[in-house]
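S.K.: Provided below for reference: sequence and predicted model.
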Amino acid sequence: MNIIQKIGLGIFIIGLAIFTLVPGMESYDLSADSITLPNEYHQAAFQKAAESTGLFSQQYTSTFALTDALKETFASAQSAINTQVESSGIPDGVQEWDYKLGDWKFKEYFKPEMFRDASVGPVSSNPYLYLLLTVGLGLLGGLLYILPKFTDIPGIKNNGIFHSPMTRGLSVGWRTFALGATVIGILFYGMSYMDKQWFWPGITAMVMGIITFMVFYVQKSMKNNPSRSASPYGVSAWLGIITGIYLVGFYILLYWAPQHITGWIVMVSPVSEMLNGGPASQWFLYGFLYTIIILVMGVRMMSKYRHNRYQLIRTGSVMFFQTAFAFLIPQILQLLNQPSMDFKNIWPLNYTFFFDWNINSLLESGGLGIFMLVWGIVLVVVAVPVITYLYGKRWYCSWVCGCGGLAETLGDPYRQLSDKSLRAWKYERFIIHGVLAFAVIMTGMTLYTYFSGVSQIGFISTGNVQKWYGFFIGAGFSGVVGTGFYPLMGNRVWCRFGCPLAAYLGLVQRFKSRFRITTNGSQCISCGNCSTHCEMGIDVRSYAQKGQDIVRSSCVGCGVCAAVCPRGVLRLENSGEDVNERAFTERAIHISEDQVTLL
Amino acid sequence: MHIAIIGNGISGITAARWLRKLSDHKITVISGEGEEFFSRTALMYIYMGHMRLEDTQPYEKWFWKKNRIDIKKGWVETVDFKGKNLEFHDGEKMPYDKLIIACGSKPNKFGWPGQDLDGVHGMYTLQDLEAMERHSTGLEQAVIVGGGLIGIEMAEMFHSRHIPVKFLVRESKYWNAVLPDEESDMVTRHIRENGIDLRLETELKEIWGEKVSGKAQMIITNKGEKIKCGFVGLTAGVSPNTEFLNHTDLEMSRGIMVNEYLETNIPDVYAIGDCAKQRNPKPGRRPLEAVWYTGKMQGETVAYNICGKKVGYDPGIWFNSAKFFEIEYQVYGDLQAKLPETQSTIYWEHADGRKSVRINYHTESGRIAGFNLMGVRYRHEVCEKWIAENTHVEEVLQNLGLANFDPEFYKEYEQEVIDVYNKQSGKNLQLKQRRGLSAVLRFLRKKTAL
């Protein structure tokens, strides 16, 4: 590390520290007219309760204090209504559930936007200054750290990744503990998220239990113990653990408590005004940070692999698709009052595409809306099978997709932490295809409900299935675990174990695609660089040392195995010739059977 | 039948795997070095932090039990060939019915004064790696002696930890006994641009150590220069690690002598890999080739022979590979450092000085002899087929795209290589076949009458 890089790292840490402090800097001031509840009884009760609790007469120094005050006022309004019901009953012509103020209404009535609009303090008065001190310093520091790498001699630079406390990973026991604790936490929170219905967390826990049983006993992983760990280092990867906790925390706040990151939302609001004409939401904040991270870490990826044109072009591609398709075009559409759409986000990854509100909004938006609807369906039905047949699933997963884009840029330092054991592969197949089945069933129910108007199938309501999918898969799996676990389980946790689109693309790739990785005759020295640096946890070496071509549903075609191979053994190729013979039968490397019988 | 294998390197393990594929015999693999098979060629990456020891192990721990290959950790002290018994360092004995000796090599030491001091090591075993690790803390200067493949690996290892290296090479260019001049120059330049202090035509004379600790402290070169250093790497080649078999009936002559079926002079005893020396090597081949690939081939061959399917060891057409810092190296066929008088050469080098292609052919007949690639990847199977079929150089050149194995979007240099030939011969050949797998597979499928 030279002096410029050290300065860069210092600046980055300062930027990150200020960024972390920003949500705590604001105060919150609610005015009476800023709250208009859509239900007149609730509005009246709440305003009256607010007078007694003094909700509007106080400035709150944190989002937590404001939440507490809102809860107190809400509870007071609730009991006022209940007393009213007991003394004089429900007014004629009003349903009980319309009149009474249910607990679930709290989340519905008090949205993060309210916190944003109530925010007062240094950040909302100087958003640009804080943007400069956080994202600006982060950018500057990051680039100062990355750019000097361009002066190195081009070539593979993985020196010290298993020595660094940032990238060396956790032993399998600690990793299982971290994952288990996170999943259990999500399931418990899921109970309250589903309004105290234990059914959904319960059935999910049961499915996880069945999968573990299948993997350990039916598929004999128990016998095949101990599994090869992704890292034997105990908990010495302390920087990685801190990073993981930070990311997990970020996602939990983003998805389930965005009011507490109001400071960040306020900070990026002027950028949002500029791009789409409206104030920022937590999703704008997320998209903004996501794009900047992909751009900066994309530059890092390019510095690392600049001897490899495949990597340069591929990284350029994910940077472009994130910036243009995922970030800018939806903003512009919003500015033009059109339905916003990420044109490269494909169902079932984009699991809300067939939700009634989306279909209705597209149908109501004239020609462009219809085009979007058709485009989305064509992507699923035509583009995925055809392009995957021609080039493999990489065309999407490591060239276009946003999740893949983040994994290939921010996640690149952690790619070696994916678990290569056979047991992990068994888990992977059950889980990813399980999620695909869940997505298909959920969407099937959605469409059934959309066309028939029946919102209940058996005892299960479509709305609840959608809600649980969005909570557990859409937020918990893809975000909290999928990205939060980068430093603990590698950078493709979501893509490998969870993404239903990856499962669909993978089925095409495995059974009907020209794409494969070929191995170069007998040149493999079994060193293990390819397997170690495979983010999808494919044991590439096991194929390479047998001279077999590699056809695997999970391969995202990032090309890093070929890049890190010290002997030039691997190549990503598109050709359907002889694929069965070369990939699926073991190719005796040296002695053929005819040779033996001849003697 | 109990088959014991001494050594769990690539040769011994390949033998064990093929024995299991072909038979149901009891198999025991014995090693004192480590519990499990790891890729020796990947040792450097453990030190450099690219991988951990676990990552260099191609099979998971349960693999051995599942395939009923017993692993025994221990050093064999001697072998009682008459009683068919192995005697271990700790006095334990193990009977066998057939024995495969695959005990590998050890770094050469040429009787330098001080060669056994603390801090003087080769780079061959796990123990060597541990020693390097131990001596690296606070190390201010390392000296490496011997300009081969291990020497440059060791230089790269220390370089990755920013430890200054002085690299002593006897020849006037790096690895010039194997690489032709231009390639040798290229690697020599590359070593220096990486900041290694390369001392050509320099040999080790003696190593001085501290009196009390017995730790290496300084070396003296043949030019009388004194270099202070805390570590001396000895990488001047390897020789068979067969000392424990001295004074037995096993016939040895700087290696265990084997016939083409890899049988030694003692019945039921076979030798493979780095320690096995061919009595009658194939034309153009050395009797002892200490490389990964031949070890692997011998392991497979010996398994067939033990299982009653006799097959002679045939290493086929020579190939090898290595990596010099950032420059990958591949060689196919007969490619001498000094061009034989009967051969001609086509040499193309990229302007960046880190890529080159060399194609040698027999001047008279025009048939292809060999390929030497630096920083460019060629397909093994294609090159091998061209060489095996005595293909004419002009046909090779016009179809050169078939051989290209560089990643997608890499610039293709085939026409530039052809232009070198055109310039030399006054002809005007054009590239007919560009890079691409379909054409390659059609080419490989095609059976040509020899």
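M.R.: Thanks, I have it. The model shown is predicted, which means the values in this text are computed figures rather than measured ones.
S.K.: contacts only, for residue 302.
M.R.: The chain I'm using is chain A. By Cβ atoms under 8 Å, 6 or more residues apart in numbering or on different chains, A:Met302 lies in contact with A:311-312, A:315-316. Just so you know, the C-beta spots here come from the backbone N, C-alpha and C atoms, and that holds for glycine as well.
S.K.: please go with chain B instead
M.R.: When contacts are counted by Cβ under 8 Å, 6+ apart, B:Val302 is found next to B:15, B:100, B:262, B:270, B:272.
S.K.: now B:Gln433
M.R.: Contacts of B:Gln433 (Cβ under 8 Å, 6+ apart): B:398-402, B:439.
S.K.: what helix or strand does the residue in chain A positioned nearest to chain B sit in?
M.R.: In chain A, the residue that lies nearest chain B is A:Gly521 (2.6 Å; Cβ to the nearest Cβ). Taking DSSP states H and E as the definition, A:Gly521 sits outside all helices and strands.
S.K.: next: the one 4 residues further on.
M.R.: In this assignment (DSSP H and E), A:Ile525 forms part of neither any helix nor any strand.
S.K.: just to revisit the earlier point, which ones among the contacts of B:Val302 are found in strands?
M.R.: If you go by DSSP state E, these have B:100, B:270 in strands.
S.K.: between which two of the contacts of B:Val302 is the distance greatest?
M.R.: Pairwise distances among the contacts of B:Val302 were taken by Cβ to Cβ; the largest, 9.4 Å, belongs to B:Ala15 and B:Leu262.
S.K.: ok, back up a step: rebuild the contacts of B:Val302 as TSV, extending it with neighbour count, pLDDT and distance to A:Asp29.
M.R.: Output for the contacts of B:Val302, formatted as TSV (neighbours: other Cβ atoms under 10 Å in any protein chain shown; pLDDT from 0 to 100; distance: Cβ to Cβ, whole Å):
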residue	neighbour count	pLDDT	distance to A:Asp29
B:Ala15	31	97	79
B:Ile100	31	98	83
B:Leu262	28	97	87
B:Tyr270	27	98	87
B:Ile272	32	98	82
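S.K.: ok, back up a step: can you put the contacts of A:Met302 in TSV and add pLDDT, neighbour count and distance to A:Cys499?
M.R.: TSV is the format used below for those (pLDDT from 0 to 100; neighbours: other Cβ atoms under 10 Å in any protein chain shown; distance: Cβ to Cβ, whole Å):
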residue	pLDDT	neighbour count	distance to A:Cys499
A:Gln311	97	24	22
A:Leu312	98	15	25
A:Thr315	98	28	20
A:Gly316	98	14	23
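S.K.: and those, which of them are in helices?
M.R.: A:311-312, A:315-316 (DSSP state H).
S.K.: need the overlap of contacts for B:Ala15 and B:Leu262.
M.R.: B:272, B:298, B:302.
S.K.: the second one is in contact with B:Cys275, isn't it?
M.R.: Right, the one you point to is B:Gln298. No: in this structure, B:Gln298 is not within contact of B:Cys275 by Cβ atoms under 8 Å, at 10.4 Å.
S.K.: close to chain A: what parts of the stretch 301-450 of chain B are there?
M.R.: Residues of the stretch 301-450 of chain B lying near chain A by Cβ under 8 Å from any Cβ of the partner chain: B:301, B:304, B:309-312, B:316, B:319, B:321-323, B:325-326, B:328, B:330, B:377-381, B:384, B:405-411, B:436-438, B:441-442, B:445.
S.K.: just the buried residues of the residues you listed.
M.R.: B:301, B:304, B:311, B:319, B:321-323, B:325-326, B:328, B:330, B:377-381, B:384, B:405-408, B:410, B:437, B:441 (16 or more other Cβ atoms under 10 Å in any protein chain shown).
S.K.: rewinding a little: so can I have TSV of the contacts of B:Gln433 showing pLDDT and secondary structure?
M.R.: Listed next are the contacts of B:Gln433 as TSV, based on pLDDT from 0 to 100; DSSP: H, G, I helix; E, B strand; the rest coil:
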residue	pLDDT	secondary structure
B:Gln398	97	helix
B:Asn399	97	coil
B:Leu400	98	helix
B:Gly401	97	helix
B:Leu402	97	helix
B:Ala439	95	helix
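S.K.: how about those in CSV, adding distance to B:Asp90?
M.R.: Putting the contacts of B:Gln433 into CSV (distance: Cβ to Cβ, whole Å) gives the following:
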residue, distance to B:Asp90
B:Gln398, 64
B:Asn399, 60
B:Leu400, 58
B:Gly401, 59
B:Leu402, 56
B:Ala439, 59
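S.K.: which one of those is nearest to chain A?
M.R.: Distance to chain A across these (Cβ to the nearest Cβ) is lowest for B:Ala439, with 8.8 Å.
S.K.: could you pull out the helices for the stretch 351-450 of chain B?
M.R.: Taking DSSP state H, counting those that start in this stretch, the helices of the stretch 351-450 of chain B run over residues B:380-388, B:393-398, B:414-425, B:437-445.
S.K.: would you mark the buried spots in the longest one?
M.R.: Going by neighbour count (16+ other Cβ under 10 Å), the buried part of helix B:414-425 is B:414, B:417-422.
S.K.: what sits against the residue in the stretch 1-150 of chain B positioned nearest to chain A?
M.R.: Here the stretch 1-150 of chain B gets closest to chain A at one residue, B:Ala42, 3.6 Å apart by Cβ to the nearest Cβ. Going by Cβ under 8 Å, 6+ apart, B:Ala42 touches A:525-529, B:51, B:55-56.
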